[in-house]
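Participant: whatever this is, show me its structure:
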Amino acid sequence: MTQSRPAIRQGNRAMAGIFAALTLTLAGCASSYGANTTNPQSVGQAATIYRGTVVAVREIQIRPDNSIIGAATGAVLGGIAGSEIGGGDKAQTAGGIAGAVLGGMAGNEAGKALNTRPGYAYTVEYDNGQVKEIYQGADVYLAPGSRVQVVYREDGARVVPAATY
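Facilitator: Predicted coordinates:
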């Protein structure tokens with residue numbers, strides 16, 4: 001006599017594997033927005049630099065508006081999970097659609113949460129008298145009164161400690 005495992009137990013194992021894949025996928029989407037970060041298109045490009053002084057700093061959270069990869073992954077996984085609900089074709093189809101919608105929403109929120117990073121809003125008074133606020137990741141902290149260079153590149157502005165010669 002052969003023993004077979006219940007189908008629901010196999011489904012739970014599959015869902016655990018899918019959840020692990022989702023977690024790894026979303027974690028791989030994390031990015032940095034710091035003073036020491038650039039994109040490949042900026043390599044070899046000239047940047048404009050302004051000197052100034054940090055006059056104020058406040059902590060911020062850098063949170064993306066949407067997570068396309070999180071939403072897509074959640075929708076696929078939710079659709080698969082939802083299609084396991086119900087006994088007939090119509091119930092499985094409805095479950096798959098509902099699971100895809102709910103999974104997409106949950107995946108989007110999970111992706112946004114995983115990609116939220118701490119940062120600083122630096123208010124810089126340039127040597128020419130202009131004052132600007134620049135947001136960046138928290139990889140470098142510059143206290144008020146610090147002399148800085150604001151580097152304007154193709155991928156945005158960064159506040160870095162002023163070079164000393």
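Participant: count of residues packed around K132?
Facilitator: 14 (other Cβ atoms under 10 Å). All C-beta spots, glycine's among them, are computed from the backbone N, C-alpha and C.
Participant: in this protein, where is pLDDT below threshold?
Facilitator: For the chain, the stretches flagged by pLDDT under 70 are 1-36, 38-39, 64-68, 70-100, 102, 106, 108-115, 164-165.
Participant: domain ranges for it, per the record?
Facilitator: Here the domain assignment for the chain is 1-30+64-115, 34-63+117-165, based on automatic domain parsing.
Participant: hmm, Q61 is touching Y135, no?
Facilitator: No. Between Q61 and Y135 there is no contact under Cβ atoms under 8 Å: 10.3 Å.
Participant: which one of those two is surrounded by more residues?
Facilitator: The residue with more neighbours, out of Q61 and Y135, is Y135; 15 against 9, by other Cβ under 10 Å.
Participant: tell me the bridge partners for the more buried one.
Facilitator: Using DSSP bridges, the beta-bridge partners of Y135 come out as A121.
Participant: can you pull the residues that touch both of Q61 and Y135?
Facilitator: With Cβ atoms under 8 Å, 6 or more residues apart in numbering applied, the overlap between the contact sets of Q61 and Y135 consists of G119.
Participant: what's the single longest strand in the chain?
Facilitator: Ranked by residue count under DSSP state E, the longest strand found in the chain is strand 48-62.
Participant: so what strands line up beside that one?
Facilitator: Strand pairing (DSSP bridges) places strand 48-62 next to strand 117-126 (antiparallel), strand 147-153 (antiparallel).
Participant: buried sites along the shortest one?
Facilitator: The reference is to strand 147-153. For strand 147-153, a neighbour-count test (16 or more other Cβ atoms under 10 Å) marks 148-151, 153 as buried.
Participant: show residues contacting stretch 158-165.
Facilitator: Applying Cβ under 8 Å, 6+ apart, the contact partners of stretch 158-165 are 34-35, 37, 51, 54, 122, 124, 134, 136, 140, 142, 146-151.
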